[in-house]
Each structure stands twice: as C-alpha cells, then as structure tokens.
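Enquirer: Show me how the following folds:
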Amino acid sequence: MPSDQLDRTFGALAHPARRQILSRLTLGQASVTELAQPFAMSQPAISKHLKVLELAGLVERGHDAQWRPCTLRAVPLKQVADWVGDYRRFWDESLDRLDDYLRKTQAREASHD
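Expert: Numbering: from 1, shown residues only. So this is what the prediction gives:
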C-alpha cells in the first residue's frame, strides 16, 4: 500500500466521529442527515468529516435525485488490515519463541529438582 494512502486512511480513522460514521455505514447507505443524528454537531461539521473519509477512499457519496446516499468503501480498511497483519505475524512469532524459551527453562528447572 502506498504510504500516502495509508496516511490518509489512518488520518481518517484518527477521529472517533469518523470511526462511528464508518460503523454506521456497515449497516448500509445513509444520508448526511441520518449520519448526523447521533452527534452533537452541525451538518456542515459532519460533511467535513465525510470529506475526510471520501479523500481516504472510505466513503463514496452517490446521487439519487435529492438524496445523496453515503456508502462505505472498505478496500482501504482491508489494506490497513493487511499492513497490520505483517506486524501481527511478527508478534505471534515473537510470542511463540518466548513460549518455547519458557518451556525449555521450566523443563531444565524440573530436571534439576
């Protein structure tokens, strides 16, 4: 994943309101008004958050007459998950090595008793 895309995605995810918007969009399309309902902020403020999500490729706004539905685009989230997955493998392997070390140490201690 190019680092500028990764930066945009992490930047978009950095704000709790944007994460909550994405969570809501997992249920399906929603209008700006619907997305604004749980927040104590204006529609222009929600629109600014949506713009950040759009620039990160996480949200797409459609056109359906007067209704402009927002839709989740999860591809950048998959790319983040893949990126984080490399580090998960690192930690899993590190923990496996630690587990092996502890078992060997316990076995040596048990053989000396």
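Enquirer: Run through the neighbouring helices and strands of the helix or strand hosting residue 94.
Expert: Residue 94 is part of helix 75-112 when elements are defined by DSSP states H and E. Other helices and strands packing on helix 75-112, by 3 or more CB pairs under 8 Å, 6 or more residues apart in numbering; DSSP states H and E, are helix 3-13. (Each C-beta comes from the backbone N, C-alpha and C, glycine too.)
Enquirer: and the gap between the residue nearest the centre of the chain and residue 47?
Expert: The geometric centre of the chain, computed from its C-alpha atoms, lies nearest to residue 77 (CA atoms, centre = their mean), at 5.3 Å. Plainly put, residue 77 is 21 Å away from residue 47 if you go by CB to CB, to the nearest Å.
Enquirer: With residue 87 instead?
Expert: Residue 87 is 34 Å from residue 47, by CB to CB.
Enquirer: Compare these two and say which one has the larger neighbour count.
Expert: The residue with more neighbours, out of residue 87 and residue 47, is residue 47; 14 against 9, by other CB atoms under 10 Å.
Enquirer: Remind me what the helix or strand the more buried one falls within packs against, helices and strands.
Expert: Following DSSP H and E, one finds residue 47 within helix 43-55. Applying 3+ CB pairs under 8 Å, 6+ apart, we find helix 43-55 packed against helix 3-13, helix 16-25, helix 32-36, strand 59-61.
Enquirer: and the angle from the helix holding residue 94 to helix 43-55?
Expert: 70 degrees (axes from the mean of the first three to the mean of the last three CA atoms, to 10 degrees).
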